[in-house]
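K.L.:
I would like the atomic coordinates for the input below:
(2 chains)
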Amino acid sequence: MTQTEYLIVGASHAALSALQAIRMQDAEGSITMVTRDDALPYSPTVLPYVVSGRSAPERVALKDGAWFEQNKVGFIRGAAVTKVDAAAKRAKLSSGEEIAYGKLLLATGAAPILPPIPGLKDVGFHVLRTLDDAVALNRALPTTKQAVVLGAGLVGMHAAENLAKAGAQVTVVEMQPRVLAGYFDAEAAAIIEAAFAAKGVKLLLGAKVSRCETAGQGARVTTDNGATLDADLLLVAAGVAPVTDYLAGSGVAVDRGVLVDDTMRASADGIWAAGDVAQAKGFYDEAKTLNGILPSAVEQGRIAGQSMSGDAAIRPWPGGVPLNTYTFFGQQAVSVGSQDAGEVVRKEADAQHYLKIVMQDNRLAGIFGINVPFDPGVMWEIILRRIDLAPVREAFLADPQKTARTIMSRTWR
Amino acid sequence: MGAFNTIAFKPEYCDGCNACMTACATAKAGNSDILNSRIQIVADGETFELAMCRQCADPKCVANCPAAALAKNGADGVIEWDGTKCVNCLLCTVGCAYGGIVHNAAVGHVVKCDTCDGDPACVKACERGALKYHTTANIYNEVGDLEDLFVPGLAGCQGCNTELIMRHTMRRIGPDSVLAAPPGCIPGMGSVGYNGLTGTKVPVFHPLLTNTASMLTGIKRHYKRQGREVNAVALAGDGGTADVGFQSLSGAAERGEQILFICVDNEGYMNTGMQRSGCTPFGAWTSTTPVGERGKGKTQDAKNLPLLMMMHNCEYVATASTAFMEDLYEKLDRAIDASKRGFAYLHIYSPCTTGWRFPSAENIEVARKAVETNFVMLWEFNPRDGLRLSRSLDDARPIDEYLNALGKYRHLEPEQVGHIEATLHKNVELIRGFAEGRRHAMA
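P.N.:
Numbering: from 1, shown residues only, chains lettered A, B, ... in the order given. Below is the predicted model:
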């Protein structure tokens, strides 16, 4: 049986960030990284660009073999963890191998949710979460004439854009009344929706799929308002959920994800979790939520690695702030913070530009823009530090980018 | 991983002229639109702030990149952007809390500072000295692996400049050395030993204040007779050099003994209770030049010890400051070399946080201000080329910037400041005269 001081399950941002944090503190302790993918570490976020052909699959690896060697890490790929015994500190792999660990990090990420649509299981469809998924979609692009995308989140919208650019007639079906409902309000979403409509992408919003069935080589999708859509390519992008099935019976407390404290410790001794699989406290609200975004995975991974290796410089998780960036047809949308944890103090929108600022007691709660430049990382920090903007309120509202840079330069430069 | 060069910004010198941004935009985008500049100076009322890439050691932009398009170059520390891998997702801009990587709509992708391959256009364009390209990291990369010849835990005061000088100089001079440390802070902090142990990893001895250069002469000659190449080094305070130790020093210099004599000048007998020395400047408070109803600090000017040594026509004489380490190291190398032929004298200014009354974190800043106001002048001399300035004496900062930084000048009255200014002017003209005399002689 393999023995390892640190066992890291998963190989994306949270896992890699944890690994680096461990090595900063503990240069020698044995580390084993296990991932179910049979590939070098990659980011799920890059996959839409593999679909479009912008990124070659062999060029998206975040780390290579030499890096694992240099960091003295045993890298096992193509093997999922199937069972964890928290009391005995052992993990079982799909290959049958068992690993005895000192400390375990769960960074198994998330997997696509398949909505309970009658007939879905019997038709051929795509999802987009793994490199294999992306390569399969990329291969299907040239022959796709009619595509249906279920879900107008980031994955669905990216895919719809790529399919449209490849010449397919694309329809997106979304239950919410607008696209990207998690990040933008109706006015902002309208700008994005207009850009898609201008490129011939049909958006069926506030619509629910009631049935799927096989039709010829493809699938036929029927919505609850009676529309019928034929697709030679069907992509299900209805969101993701943390991968936690292997924890059944392990004693690790799981709600929607693995419940963790402010140092990413799970409920069982010697186990941490970080990234999309973890459910940690929110910034605006102490309740533990999923905040499955890349920047959170990087932060949580680092905190977990510091906690696992006893790094005294650790700073506890400040709470998840929803944030994201989204580029569509050459335009930029940025969302930092909460839409509703305060009052809207500035909002303006035209056909091409959008800016909204939300404040709570002169403290920034959220800032949202389309084709309006500001530094999301600086805004995130201003939110986390709860900086009192009262002395610069007017300047901030007039020119958030410049004022935020001034605050940054004065406060933490 | 080594240390890296870096672009540093001093907001107090910036006047918002935007020349740096114009230069960057021209270098990187081929036009002068400052929106294309990767260095952004932001006006904040009368002062100026900065947004640009810091080339972080543990860069979050890199960690946040899903496409492996950003990576820190292990050789020069620059975070490099690979346009063939970038997918324009902007997640790097979420990771950066400094506004250092930004989407540029004109070019359609993120841009960031690449330090112009080690020759940054912004720094060259800055005429005010607000932007500097610090290459001092080279020193670390060159000497970082050399052995520190003092033990850890020397009992210097917090923020001691002298300890820094000891460790830097001996590390470079190397283990084939015999070190003389006459009474003062240098032995006082433990280098010559306590409880039967020595704090120095080379043979070290503790001469009297009066006979340092004489004893070193004997030791150097003894080793020469044995046929051994040994550096005979003194690390002495200004009291032991300029006052009580001057007779033996002058003799050894005149005879051209092959010695490297380093004076660590903290302008007084700081180890024994901060008494004045011949190097204490006019107006300075010390415990023997007190400030009270009648006393207003020292009433005489300091003697110019490095000039006195120059007049001995030594093989090498130089002044140096820990705020200008590259210059210090170059002079140290020349001094080590010269000491194989004759007498080498290195005068290093060492602000004393305890005796001069300033916060211990500000030592290097104080040392820098001393040089930038011309209170301390950096030059070197050898008998063939005469005196050469290491740094221009033009465009000096006002002397107030230096005096106001130090508690030992807090009591100064306007006429005292006037005297200091007049003396400073005289000293500057004196050194300038020697430097120009050299130029005339060379012409």
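K.L.:
any idea of the pLDDT on the closest residue to A:Ala39 other than its chain neighbours?
P.N.:
Nearest residue to A:Ala39 in three dimensions, chain neighbours excluded: A:Leu131, at 5.3 Å (C-beta to C-beta, 6 or more residues apart in numbering or on different chains). Bear in mind the C-beta positions are built from the backbone N, C-alpha and C, glycine included. Looking at A:Leu131, its pLDDT is 97.
K.L.:
Then the one 4 residues further on?
P.N.:
Looking at A:Val135, its pLDDT reads 97.
K.L.:
any idea which element it lies in?
P.N.:
Per DSSP states H and E, A:Val135 falls inside helix A:131-140.
K.L.:
what's that helix packed up against?
P.N.:
Other helices and strands packing on helix A:131-140, by 3 or more C-beta pairs under 8 Å, 6 or more residues apart in numbering or on different chains; DSSP states H and E, are helix A:47-52, strand A:233-236.
K.L.:
try it again with 6 Å
P.N.:
Judged by 3 or more C-beta pairs under 6 Å, 6 or more residues apart in numbering or on different chains; DSSP states H and E, the packing partners of helix A:131-140 are helix A:47-52.
K.L.:
Outside of the helix it packs on itself, list whatever touches it.
P.N.:
A:55, A:57, A:128, A:134, A:137-138, A:158, A:162, B:87 (C-beta atoms under 6 Å, 6 or more residues apart in numbering or on different chains).
K.L.:
before we move on, what about stretch B:370-382?
P.N.:
So stretch B:370-382 is in contact with B:310, B:316-319, B:321, B:323, B:331, B:349, B:387-391, B:393, B:396-397, B:399, B:401-402, B:428, B:431, going by C-beta under 6 Å, 6+ apart.
K.L.:
What lies in contact with the helix or strand that the helix holding A:Val135 is followed by?
P.N.:
Sequence-wise, the next helix or strand downstream of helix A:131-140 (DSSP H and E) is strand A:146-150. Strand A:146-150 has contacts (C-beta under 6 Å, 6+ apart) with A:156, A:159-160, A:163, A:168-173, A:221, A:229-238.
K.L.:
Out of those, which sit inside strands?
P.N.:
Counting by DSSP state E, the part of the contacts of strand A:146-150 found in strands is A:169-173, A:221, A:229-231, A:233-236.
K.L.:
Of these, just say which sits nearest to chain B.
P.N.:
A:Leu235 (18.9 Å; C-beta to the nearest C-beta).
K.L.:
mind listing what the closest one touches?
P.N.:
Contact partners of A:Leu235, counting by C-beta under 6 Å, 6+ apart, are A:126, A:149, A:159.
K.L.:
Can you lay out those as JSON lines showing distance to A:Thr263 and pLDDT?
P.N.:
Output for these, formatted as JSON lines (distance: C-beta to C-beta, whole Å; pLDDT from 0 to 100):
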{"residue": "A:His126", "distance to A:Thr263": "38", "pLDDT": "96"}
{"residue": "A:Val149", "distance to A:Thr263": "39", "pLDDT": "97"}
{"residue": "A:Ala159", "distance to A:Thr263": "36", "pLDDT": "94"}
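K.L.:
Please report which of those has the highest neighbour count.
P.N.:
Within the contacts of A:Leu235, most neighbours by other C-beta atoms under 10 Å in any protein chain shown means A:Val149, with 30 neighbours.
K.L.:
helices or strands next to the lengthiest helix in chain B in the packing?
P.N.:
Using DSSP state H to define each element, chain B has its longest helix at helix B:414-442. If you count contacts as 3+ C-beta pairs under 6 Å, 6+ apart, helix B:414-442 packs onto strand B:386-389.
K.L.:
hmm, 10 Å instead?
P.N.:
helix B:305-310, strand B:379-382, strand B:386-389, helix B:400-403 (3 or more C-beta pairs under 10 Å, 6 or more residues apart in numbering or on different chains; DSSP states H and E).
K.L.:
What residues sit buried inside the third one?
P.N.:
What that stands for is strand B:386-389. Residues B:386-387, B:389 are the ones in strand B:386-389 that count as buried (16 or more other C-beta atoms under 10 Å in any protein chain shown).
K.L.:
And for the longest one?
P.N.:
Neighbour counts over helix B:305-310 (16+ other C-beta under 10 Å) mark B:305-310 as buried.
K.L.:
chain center to the helix or strand just after that helix, what's the gap?
P.N.:
Downstream of helix B:305-310, the first helix or strand assigned by DSSP H and E is strand B:316-321. Put simply, strand B:316-321 sits 12 Å off its chain's centre (C-alpha atoms, centre = their mean, to the nearest Å).
K.L.:
Note down every partner strand of strand B:316-321 and its orientation.
P.N.:
With DSSP bridges as the test, strand B:316-321 is paired with strand B:344-349 (parallel), strand B:379-382 (antiparallel).
K.L.:
relative to helix B:414-442, how tilted is that strand?
P.N.:
140 degrees (axes from the mean of the first three to the mean of the last three C-alpha atoms, to 10 degrees).
K.L.:
export strand B:316-321 as CSV, just CAs?
P.N.:
Output of strand B:316-321 as CSV, limited to C-alpha atoms (Å, rounded to 0.1, in the frame of the first residue of the first chain):
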residue,chain,number,x,y,z
TYR,B,316,42.8,53.4,-2.9
VAL,B,317,40.4,55.6,-1.0
ALA,B,318,36.6,55.6,-1.4
THR,B,319,33.4,56.7,0.4
ALA,B,320,30.3,54.5,0.3
SER,B,321,26.8,54.1,1.6
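K.L.:
Okay, buried residues for the next helix or strand after it please.
P.N.:
Downstream of strand B:316-321, the next assigned helix or strand under DSSP H and E is helix B:325-338. For helix B:325-338, a neighbour-count test (16+ other C-beta under 10 Å) marks B:325, B:327-329, B:331-332, B:334-336, B:338 as buried.
K.L.:
Just the element for B:Ala71, please.
P.N.:
Element membership for B:Ala71, per DSSP H and E: strand B:70-72.
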